[in-house]
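Enquirer: fold the following and give me the result.
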Amino acid sequence: MIISRNKKMNNLSIAIIIPVKEFNNNLKKCLEKCLELDYPDYEVIVFPDELSRQFDEFKEKIRVIPTGSMGPADKRDMALRHSMAEIFAFLDDDAYPQGDWLKKALVHFDNARVAAVGGPGVTPRDSSLPAHASGHVYSSVLASGRYVYRYVPGKKIMEVDDYPSCNFIIRRDIFEELGGFDNKFWPGEDTKLCLDITKKLGRKIIYDPEVVVHHYRRDLGVRHFAQVANYALHRGYFAKRYPENSRKAAYFMPSLFVGLLLSGAVSSLVFPALRALYLGCVLLYFLIIAANVIWGLLIDEKISFSKKILLVVPVMIGIVFTHICYGIFFAKGLLISKLKEE
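Expert: Residues are numbered from 1 along each chain as shown. All right, here's what the predicted structure looks like:
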């Protein structure tokens, strides 16, 4: 199916919804960029745990509605109580939109079958070096597989059945009909919503590579791998609970890799004749990763050549341990009987 962006844009009213625990520097930049958007009719609503004086800088420019302590899904659901906008544009506090973000997204809503639109979250140019390393891990096809278009702009507009809520724009009436996110998982609340949109309502979710936000990454290290583990745990559990958009071969590959890595190591110890074959496969794996990382860094225009050299080894190590971490926690998600909700 060919989807075109050459459509007339309706000036629908929009509410940009940003859930956050507290004011922070990333949120400050997010709000500044939101207020510069090239679109005639929108409001910005922030849902922090508590009101603070730091929001005074944006007084009368945005709405700040304190919620008390609650998860991001619950905060986003509160948009239904506080805005009558026709479109809800969900954004994370550590992301900021490109100037034409809303304009690029809104053309797709000319099609009545389109319920929601998403786009890539790219690593910002001013990120720290460890954050760029994390960004390169996520933007590698060896780490993100077929879903790499979530982190770097893809080549085409297409339909998807699952998309993260850090850059997710949805019709209010659809969101209301489904009762909001209707769960307290985090992460993963977006998977259930997307499943309801595509399966329960039979509507479309469109990915457009030009609907861009800039998404700050966690530094490559403990926080990066904690995020990977959390994603994997939920995806493994969702593969059982929501198989329609979570039980896909790509999600199982890291667990298969970990299984082969361990079984190969044991087999090469028990059967020395297999050792050369096993070590050769491991070497080939590292060579493929090295080639992928070097190429990805070479074509990245956001960082200098000297920084690219410094990133080669950390990004390679990051991809390897992302495979292992995801594989272990996805398997754990498959095995547990119930996953804690926020």
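
Enquirer: residues in contact with Lys200?
Expert: Leu178 (Cβ atoms under 8 Å, 6 or more residues apart in numbering). C-beta coordinates here come from the backbone N, C-alpha and C atoms, glycine included.

Enquirer: for it, give me phi and psi.
Expert: phi -70, psi -40 (degrees, to the nearest 10).

Enquirer: where does pLDDT dip in the protein?
Expert: 1-10, 182-188, 340-342 (pLDDT under 70).

Enquirer: nearest residue to the middle of it?
Expert: Nearest residue to the geometric centre of the chain (Cα atoms, centre = their mean): Pro164, 4.5 Å.

Enquirer: could you look up the SS state of it?
Expert: Here Pro164 is recorded as coil under DSSP: H, G, I helix; E, B strand; the rest coil.

Enquirer: pretty sure it contacts Asp190?
Expert: Yes. Counting by Cβ atoms under 8 Å, Pro164 does reach Asp190; the two are 5.5 Å apart.

Enquirer: before we move on, back to that, now the residue nearest to the centre of the chain: phi and psi?
Expert: phi -70, psi 150.

Enquirer: equivalent analysis for Phe47, please.
Expert: Per degrees, to the nearest 10, the backbone of Phe47 is at phi -120, psi 90.

Enquirer: who touches it in this structure?
Expert: Ile17, Ile18, Pro19, Val20, Ile65, Pro66, Thr67, Lys75, Arg76, Met78.

Enquirer: which of those count as buried?
Expert: Ile17, Ile18, Pro19, Val20, Thr67, Lys75, Arg76, Met78 (16 or more other Cβ atoms under 10 Å).

Enquirer: helix or strand right after whatever helix or strand Ala133 lives in?
Expert: According to DSSP states H and E, Ala133 maps onto helix 129-138. Next along the chain after helix 129-138, taking DSSP H and E as the criterion, comes helix 141-144.

Enquirer: what sits up against that next one?
Expert: With contact meaning Cβ under 8 Å, 6+ apart, helix 141-144 is reached by Val137, Tyr138, Val148, Arg150, Tyr151, Ile288, Ile289, Asn292, Gly318, Ile319, Thr322, His323.

Enquirer: now for the residues you listed, which pair is the farthest apart?
Expert: The most widely separated members of the contacts of helix 141-144, counting by Cβ to Cβ, are Arg150 and Ile288 (21.7 Å).

Enquirer: those two: who's more crowded?
Expert: Each of Arg150 and Ile288 has its neighbours counted (other Cβ atoms under 10 Å); Arg150 has more, 23 against 12.

Enquirer: from memory that one sits against Val122, does it?
Expert: No. Look at Arg150 against Val122 with Cβ under 8 Å: they stay out of range, at 9.9 Å.

Enquirer: by contact count, what packs against the helix holding Ala133?
Expert: Judged by 3 or more Cβ pairs under 8 Å, 6 or more residues apart in numbering; DSSP states H and E, the packing partners of helix 129-138 are helix 275-298, helix 305-335.

Enquirer: ok, back up a step: ok, the contacts of Phe47 vs Val160, which is closest?
Expert: Closest to Val160, out of all of the contacts of Phe47 and judged by Cβ to Cβ, is Arg76, at 19.1 Å.

Enquirer: noted, bye for now.
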